[in-house]
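Novice: I'd like to go over a predicted model; first the sequence, then the structure.
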Amino acid sequence: MTLLRLLVFLVLLLLPVRTFAAPRDLPSLYFVCAAASEAAYAGELPELLRARLVAAGWQIESYETEGHRGTVGRFFHMVRTDEDGAETHLVAFPGTERGSDVWTDLRLGRVPFGGSSPAEFLALRDAPVTERSETPLVHRGFLDYTQAALFTDVLPAYGNRTAGEVLAAELRAHPSMRVYLTGHSLGGAAAVLTAARLADMGVSPTQLVVTTFGAPAVGNAAFARRYEGRFNLHRVVMRGDPMKDVLAAPLGFRHFGERVAWSPAWSAAKFPHAMIVYVDAAIRQLYDAYGGDNAFLFLMGQPKRTEGRTLYVTPIETELDDTLTEDAPYMMAVLRDALHVQNAAAVFAAGEGGLSAEGLLSGLDGHLSAAREVGAEEMVAYRITGVRERTARETYRLTLERAIYDMDGNLIAATSRSARTGTLTPIETVLYLFAQD
């Protein structure tokens with residue numbers, strides 16, 4: 001197995017320290033796994049998410065192995081060590097994004113599944129297919145991907161064992177340890193098959209927590225019967241996502257585990273299968289669960305404390321297309337959190353009146369007075385605007401404006417950055433624009 005790179009990004013922004021410890025509730029579990037599943041891809045949002053994971057104390061290693069018939073198995077191994085020395089392990093598989101992944105998806109044959117060691121896994125995979133109802137059968141391409149990722153190449157440093165064997169041995173030796181397996185689409189299928197392999201290698205069901213997003217079924221009814229209950233499976237499915245049933249008819253496959261139904265935001269409904277939509281929904285649910293300013297404390301990375309410099313932040317203003325109305329509270333909330341992580345000495349104005357508001361306690365003069373009272377050296381104001389792109393459905397042009405004033409009310413800096421949604425949802429676009437400053 002070849003180690004491609006140790007991903008170390010030192011940018012600090014949104015994403016939590018407490019959240020990225022072992023998740024203790026479903027909103028944080030789904031958020032952690034959604035972020036990790038997106039981070040396993042290539043692109044701007046995955047790069048931002050990997051940066052936040054590193055900022056939250058995770059070490060991330062990416063592995064890639066070529067396997068059967070040109071299949072390329074890939075996964076990210078993420079490890080976080082808590083203050084008490086306890087480790088949390090998370091394995092995330094990317095979904096379809098390369099030509100080799102497409103051919104993996106299209107290998108629709110059914111192959112037997114079982115065994116308790118890599119040698120037995122391969123021997124059974126190559127055995128003749130029987131139609132007996134008690135024989136577990138799985139998707140050939142998905143199995144080849146999983147085999148290549150974790151159960152093919154041996155590691156000399158670990159006694160010539162595969163990565164899957166090493167992980168299984170660690171879990172058996174430490175019964176209180178858990179591994180979180182996650183992925184989107186093809187990646188979710190690989191997460192399920194990996195958990196099944198680890199279960200066959202003697203790992204306890206309580207140690208295997210699988211969360212998939214928009215993943216197809218991977219095996220027949222016999223496979224579902226054998227592995228139901230042998231690991232914890234949260235199967236998150238977005239309304240309108242076609243992948244959940246794509247293999248049911250042609251291959252006779254069926255789902256199992258806990259089905260978790262989500263609905264996309266109106267502003268992202270065009271892309272129900274995209275992982276960015278699942279991340280967007282996970283962010284919303286986390287804020288909904290922890291409520292307003294409570295989520296502010298929950299969704300923090302490690303703050304960059306600037307000694308001796310207090311920044312006063314006026315209420316964030318918005319001017320958005322009507323279809324973005326439901327997005328507005330989340331846009332403002334994630335921007336506020338991002339500001340706090342950038343500078344923990346920031347003081348946020350109470351109320352809703354920004355610089356354009358009228359009245360004694362709002363507007364430029366009112367906020368300058370409040371800024372002086374808290375000993376701020378500078379005052380910053382943000383404004384988010386969003387308009388619909390007329391040539392594309394559910395696509396918007398978002399602009400993030402920033403103005404910085406000294407305590408005499410002089411404008412000392414101003415920026416305006418804009419981007420189209422599509423590859424990112426509106427909430428994610430706000431974070432992306434903030435990261436550009």
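Specialist: Okay, I see it. Numbering: from 1, shown residues only.

Novice: Which residue, other than its chain neighbours, is closest to Val154?
Specialist: Computed as C-beta to C-beta, 6 or more residues apart in numbering, the closest residue to Val154 that is not its neighbour in sequence is Asn160, at 4.4 Å. In short, each C-beta sits where N, CA and C put it, glycine included.

Novice: can you give me the helices for the stretch 1-150 of the chain?
Specialist: Assigned by DSSP state H, counting those that start in this stretch, the stretch 1-150 of the chain shows helices spanning 26-39, 44-55, 99-106, 118-125, 140-150.

Novice: nearest to Glu165, of these?
Specialist: With C-beta to C-beta as the criterion, Glu165 lies closest to helix 118-125 of those, at 6.7 Å.

Novice: Now the closest one: average pLDDT?
Specialist: For helix 118-125, mean pLDDT rounds to 85.

Novice: Could you give the backbone dihedrals for Ser267?
Specialist: Note on Ser267: its backbone torsions stand at phi -70, psi -10 [degrees, to the nearest 10].

Novice: same check, this time on Arg254
Specialist: phi -140, psi 150.

Novice: Can you give me the pLDDT of it?
Specialist: Looking at Arg254, the pLDDT reads 92.

Novice: who's in contact with it?
Specialist: By C-beta atoms under 8 Å, 6 or more residues apart in numbering, the contact list for Arg254 reads Ala217, Gly219, Asn220, Ala221, Ala224, Ala248.

Novice: Tell me, how many residues neighbour the last one?
Specialist: As a burial measure, the neighbour count of Ala248 was computed by other C-beta atoms under 10 Å and equals 13.

Novice: From what I see, it and Ala217 are in contact.
Specialist: Yes: using C-beta atoms under 8 Å, Ala248 is in contact with Ala217, at 6.1 Å.

Novice: Of all the helices of the stretch 1-150 of the chain, which one is nearest Leu198?
Specialist: helix 140-150 (8.9 Å).

Novice: Which elements pack onto the closest one?
Specialist: Other elements packing on helix 140-150 under the criterion 3 or more C-beta pairs under 8 Å, 6 or more residues apart in numbering; DSSP states H and E are strand 58-66, strand 72-81, helix 99-106, strand 110-112, helix 118-125, helix 163-173, helix 186-200.

Novice: out of these, which comes closest to Glu134?
Specialist: Of all the helices and strands packed on helix 140-150, strand 110-112 comes closest under C-beta to C-beta, at 11.2 Å.

Novice: Okay, helices next: where are they in the stretch 151-300 of the chain?
Specialist: Applying DSSP H, counting those that start in this stretch to the stretch 151-300 of the chain gives helices spanning 163-173, 186-200, 221-227, 248-251, 275-290, 293-298.

Novice: most packed of the helices and strands packed on helix 140-150?
Specialist: Per residue and on average, the most neighbours among the helices and strands packed on helix 140-150 fall to helix 186-200, with a mean of 27 (mean count of other C-beta atoms under 10 Å).

Novice: That helix - contacts with which helices or strands?
Specialist: Using 3+ C-beta pairs under 8 Å, 6+ apart, the elements in contact with helix 186-200 are strand 87-93, helix 99-106, helix 140-150, helix 163-173, strand 179-184, strand 208-213, helix 221-227, strand 232-238.

Novice: would you list these in CSV and tack on mean pLDDT?
Specialist: Listed next are the helices and strands packed on helix 186-200 as CSV, based on pLDDT from 0 to 100:
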stretch, mean pLDDT
strand 87-93, 88
helix 99-106, 77
helix 140-150, 91
helix 163-173, 91
strand 179-184, 96
strand 208-213, 97
helix 221-227, 95
strand 232-238, 96
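
Novice: Including distance to Pro112, could these go into JSON lines?
Specialist: Formatted as JSON lines, the helices and strands packed on helix 186-200 follow (distance: least, C-beta to C-beta, whole Å):
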{"stretch": "strand 87-93", "distance to Pro112": "22"}
{"stretch": "helix 99-106", "distance to Pro112": "18"}
{"stretch": "helix 140-150", "distance to Pro112": "10"}
{"stretch": "helix 163-173", "distance to Pro112": "18"}
{"stretch": "strand 179-184", "distance to Pro112": "22"}
{"stretch": "strand 208-213", "distance to Pro112": "22"}
{"stretch": "helix 221-227", "distance to Pro112": "10"}
{"stretch": "strand 232-238", "distance to Pro112": "21"}
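
Novice: Looking at these, which is nearest to Phe256?
Specialist: Closest of the helices and strands packed on helix 186-200 to Phe256 is helix 221-227, at 4.1 Å (criterion: C-beta to C-beta).

Novice: got the buried residues for the closest one?
Specialist: Ala222, Phe223, Ala224, Arg226, Tyr227 (16 or more other C-beta atoms under 10 Å).

Novice: residue contacts, the second one?
Specialist: When contacts are counted by C-beta under 8 Å, 6+ apart, Phe223 touches Phe113, Pro136, Leu137, Val138, Ala196, Phe253.

Novice: Relative to Ala123, which of these is nearest.
Specialist: Taking C-beta to C-beta as the measure, Phe113 is the one of these closest to Ala123, at 11.9 Å.

Novice: Report the contact partners of that closest one.
Specialist: Neighbouring residues of Phe113 by C-beta under 8 Å, 6+ apart: Leu124, Arg125, Pro136, Leu137, Val138, Leu143, Leu193, Ala196, Gly219, Phe223.

Novice: Gly257 contacts Glu228, correct?
Specialist: Yes: with contact defined as C-beta under 8 Å, Gly257 reaches Glu228; the gap is 7.3 Å.

Novice: Those two: who's more crowded?
Specialist: Counted by other C-beta under 10 Å, Gly257 and Glu228 do not tie: Gly257 has more neighbours, with 19 against 11.

Novice: What residues does the more buried one make contact with?
Specialist: Residues near Gly257 by C-beta under 8 Å, 6+ apart: Val210, Glu228, Asn232, Leu233, His234, Arg235.
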